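Give me coordinates for this.
(one chain, ligands or ions: 1)
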Amino acid sequence: MNYHRFDCIIVGSGGAGLMAALEASKLAGTAVVSKLYPTRSHTGAAQGGIAAALANLEDDTWENHAYDTIKGGDFLVDQTAAEVLCREAVECIYDLEHMGLPFDRTPDGRISQRRFGGHTKPNPVYDPAAPAGTEAAKPRIPVKRACHSADRTGHMILQTLYQQCIKQGVTFFDEFHMLDLIMVEGECRGIVAIEIATSELHVFHAKSVLLATGGFGRMFKVSSNAFALTGDGPAIAYRHGIPLEDMEFYQFHPTGIYRLGILLSEACRGDGGVMFNGEGERFMEKYAPNLKDLASRDVCSRSIYQEVRAGRGVGGKDYVYLDIRAETINKYKTSPTGEPVDSAWVSKRLPDIIDFARTYLGVDPIHEPMPIQPTAHYAMGGLPTDVHGRVLRDESGAFIAGLYSAGESACVSVHGANRLGTNSLVDLVVFGRRTGREMARFALDRPFQSLPPKPEAYVKAEIEAVLARPRVEPWVKIRDEMQRTMMDECGVFRTADTLTKARDVLVDLQNRYRSTGVQDKGTVFNTGLLEVLELGCLLDLAQATVASALARKESRGAHSREDFPTRDDSQFFRHTFIFKDGEYPGRIGYKDVDVILRQVDGRMEPKYPLEIRKY
Ligand SMILES: Cc1cc2nc3c(=O)[nH]c(=O)nc-3n(C[C@H](O)[C@H](O)[C@H](O)COP(=O)(O)OP(=O)(O)OC[C@H]3O[C@@H](n4cnc5c(N)ncnc54)[C@H](O)[C@@H]3O)c2cc1C
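Residues are numbered from 1 along each chain as shown. Below is the predicted model:
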């Protein structure tokens, strides 16, 4: 058996994992275990930007950012965590800049910022009595808050953090796939991983373990997510009885390339792009009269579906257009400054988007609009944590010693029922840093705890079982059926009927999954074996998602129940916790949303009062 011992083990080398590694390794021995080569992590695909109220181009405050984040999340956001995010975002951006991250610049050399959906500030000329449709009638207006490197922001963040980790001597185990957590007496004491090149098992003994394994968008048929995003961290923890929080909230990004799901960044609309239906109508004017195309993602995705259902998709089909042509931006006066722009400006701001459209669609967005449809994009739910990344044991707020989570696999919860664009990258750096610090401190305070005999035995048996099974049906068939079911029955709109159907299909798929094997029985890069194990993770998370969605009988943020179309704060102003104890669907519990109170005229009142969300 291959045995390794480190104070801190970090699983995942995306933005969250690398930021935590940088911080933890200042204090304690740290290693990063990643199934992908670090710079291939999905963080590198992030396009549009990272939010922070630097106020480089116009007035802005971190309080504005916190308000937008809480409202964007349809008030399911934990407010202390949101304030931490928005306050610390500012210093984190300057830290990244000092590490060498090449942000785009303003003419006078400051970090440039662009607009993104749902990021606003109070309108200085607001007048509640002003006639509708006028500038003065808008309570809030878009603000430039997203720092960026063209449309390759995530790539630059990932490269910068990786370089810093190498410089600081962090140990990397690249292409090692975690298959289990070592849990003893309710504590986490390490992980078991397989070395992909050889199929050898490795035991990593640790004092603290961070799961930073990213999202699980491969649960859905049309997705912006890379193939590796299969939710291994949350799924493996869930099997050990650790709860998952708010799984019913999954974000569909409005502008994926039609059928392929490849993302066309919201920066397209931040920089002036406009969406049109098949009748050439700028339909967002109907659904979000104030912010229009810059409304939050849940609102835009629902609007596209509604247009398509009403028969106003392009050519009666299930897609609409995203138009970033300079002539369109000028016609609707949607450029960031309101001044006319030309094609060269668009090409400079959105080079990768233009490239994707030419390559994957055969469409040149400089001259034509791009066919788009909503694409599964981001998991608001995940492993419940506090603001130091400590994973919660249950709704009571108790922690699991030695276990941490950060990034998309975690639910802090700063995104509530719907995340704002550019708020994930900043979540990675703010909470990655905090978690790295916390897990190192915890490790310094205690000796290594003992491991059970043969901690790898469970994984070994699981692999042997998959390899021994006959291939009754191709496992890709099970995956395709899961992806289609989740897209159609548990996507942008849901009802009790569609969710019940999904629940029954998933039970059948789980049974079929347990009796199917792989063709390749070898030990060298047996990717078939690993994909089957990843599919097992996705199936468990899909079941948790559907069960949580069935239990939430209201519509809030990304969770849209057509049979319960309004938000119900009296019953559901709280987080869902689902536990895999016993038979499916397991126990569901609830935890109150963290609300900040402040004193007004001698009385305590909510700092962010509940309001009906309008854009
Ligand atoms: C196309 C696209 C564009 C986006 N654009 C933006 C944007 O402009 N702004 C923004 O704020 N957000 C954006 N997002 C969202 C954001 O990029 C992600 O939420 C974020 O990068 C997730 O980072 P992470 O560190 O949590 O995980 P990831 O970067 O996804 O990394 C996950 C890591 O976990 C490892 N891993 C997973 N399972 C295992 C296992 N079993 N064993 C070992 N290692 C494992 C992987 O190897 C990988 O290193 C975008 C997302 C996509 C898909």
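
Run a quick neighbour tally on residue 105.
Residue 105 is flanked by 11 other residues according to other Cβ atoms under 10 Å. Glycine gets a C-beta too; all of them are placed from N, C-alpha and C.

now swap in the one 4 residues further on and tell me
Residues contacting residue 109 under the criterion other Cβ under 10 Å number 7.

Confirm that it sits in a strand.
No. Per DSSP: H, G, I helix; E, B strand; the rest coil, residue 109 lies outside any strand segment and is coil.

could you measure it against residue 146, distance?
For residue 109, the distance to residue 146 equals 18 Å [Cβ to Cβ, to the nearest Å].

Equivalent analysis for residue 194, please.
The gap separating residue 194 from residue 146 is 38 Å, by Cβ to Cβ.

same check, this time on residue 228
For residue 228 relative to residue 146 (Cβ to Cβ), the value is 26 Å.

what does residue 208 give?
Taken as Cβ to Cβ, the span from residue 208 to residue 146 is 33 Å.

which of the two has more neighbours?
Neighbour tally, residue 208 and residue 146, criterion other Cβ under 10 Å: the higher count belongs to residue 208, 31 against 28.

In contact with the closest residue to the ligand within the stretch 151-300 of the chain, which residues?
The stretch 151-300 of the chain approaches the ligand most closely through residue 214 (2.5 Å), counting by Cβ to the nearest ligand atom. Neighbouring residues of residue 214 by Cβ atoms under 8 Å, 6 or more residues apart in numbering: 12, 14, 16, 41-43, 228-229, 407-409.

Recalculate using a threshold of 7 Å.
With contact taken as Cβ atoms under 7 Å, 6 or more residues apart in numbering, residue 214 is in contact with 12, 14, 41-42, 229, 407-409.

Would you double-check that it falls in a strand?
No. Residue 214 sits outside any strand when classified using three-state DSSP, being coil.

What sits closest to it if chain neighbours are left out?
Counting by Cβ to Cβ, 6 or more residues apart in numbering, the nearest residue to residue 214 once its immediate chain neighbours are dropped is residue 408, at 4.9 Å.

Output the contacts of residue 214 in TSV, with pLDDT and secondary structure appended to each entry.
Formatted as TSV, the contacts of residue 214 follow (pLDDT from 0 to 100; DSSP: H, G, I helix; E, B strand; the rest coil):
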residue	pLDDT	secondary structure
12	98	coil
14	98	coil
41	98	coil
42	97	helix
229	98	coil
407	98	helix
408	98	helix
409	98	helix
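
Quick check, pLDDT for the residue of the stretch 151-300 of the chain closest to the ligand.
With respect to pLDDT, residue 214 scores 98.

when you give positions from now on, start the count at 13
New numbering, starting at 13: the last item is residue 226.

Look up how far residue 427 lies from it.
Taking Cβ to Cβ, one finds residue 226 at 14 Å from residue 427.

Over to residue 445?
For residue 445, the distance to residue 427 - Cβ to Cβ - is 18 Å.

And residue 314, by the same measure?
Noted for residue 314: a distance of 17 Å to residue 427, by Cβ to Cβ.

The two: which has the busier surroundings?
Neighbour count, other Cβ under 10 Å: between residue 314 and residue 427, residue 427 has more, with 32 against 20.

That one: what secondary structure?
Recorded secondary structure, residue 427: coil (three-state DSSP).

does residue 542 sit in a helix or strand, and which one?
Under the criterion of DSSP states H and E, residue 542 resides in helix 539-563.

Quick check: next helix or strand after that helix?
Where DSSP H and E defines the elements, the next helix or strand beyond helix 539-563 is strand 572-573.

What's the first helix or strand after that next one?
Next along from strand 572-573, by DSSP H and E: helix 581-584.

Could you pull out the buried residues of that next one?
Of the residues in helix 581-584, residue 584 count as buried by neighbour count, 16 or more other Cβ atoms under 10 Å.

Give the buried residues for the strand or helix carrying residue 366.
Element membership for residue 366 (DSSP H and E) is helix 363-368. Of the residues in helix 363-368, 364-366, 368 count as buried by neighbour count, 16+ other Cβ under 10 Å.

ok, now stretch 471-487?
Result for stretch 471-487 [16+ other Cβ under 10 Å]: buried residues 471, 475, 478-479, 487.

ok, now which ones touch residue 344?
Residue 344 sits in contact with residue 286, where contact means Cβ under 7 Å, 6+ apart.

go on, residue 470?
Residue 470 makes contact with residue 192, according to Cβ under 7 Å, 6+ apart.

Can I take it that it is in a helix?
Yes. Counting by three-state DSSP, one finds residue 470 located in a helix.

Tell me, what's the model's pLDDT at it?
Confidence score, pLDDT, at residue 470: 96.

now the spatially most central residue of the chain: how far from residue 431?
Centroid-nearest residue in the chain: residue 390, 3.5 Å away (criterion: Cα atoms, centre = their mean). For residue 390, the distance to residue 431 equals 6 Å [Cβ to Cβ].

so what sits against both of the two?
Joint contacts of residue 390 and residue 431 (Cβ under 7 Å, 6+ apart) are residue 263.

Neighbours of the residue nearest to residue 226, how many?
Counted with other Cβ under 10 Å, residue 420 comes out at 33.

Report the contact partners of it.
By Cβ under 7 Å, 6+ apart, the contact set of residue 420 is 226-227, 390-391, 394, 436.

6 Å instead, please
For residue 420, the contact set (Cβ atoms under 6 Å, 6 or more residues apart in numbering) comprises 226-227, 391.

How much space separates residue 334 from residue 311?
Note on residue 334: its distance to residue 311, by Cβ to Cβ, is 16 Å.

Pick out whichever of these two has more residues nearby.
residue 334 (25 against 22).

tell me which element the more buried one falls in.
Assigned by DSSP H and E, residue 334 belongs to strand 332-335.

Can you list the strands that that strand pairs with?
The strands beside strand 332-335 in its sheet (DSSP bridges) come out as strand 286-288 (antiparallel), strand 382-391 (antiparallel).

Show residues contacting it.
267, 285-289, 316, 381-382, 384.

Can you report phi and psi for the residue lying closest to residue 362 once chain neighbours are set aside?
Sequence neighbours aside, residue 163 is the residue nearest to residue 362 in space, at 5.2 Å (criterion: Cβ to Cβ, 6+ apart). Torsion angles at residue 163 (phi, psi; degrees, to the nearest 10) stand at phi -110, psi 40.

Having no further points to raise, I will conclude here.
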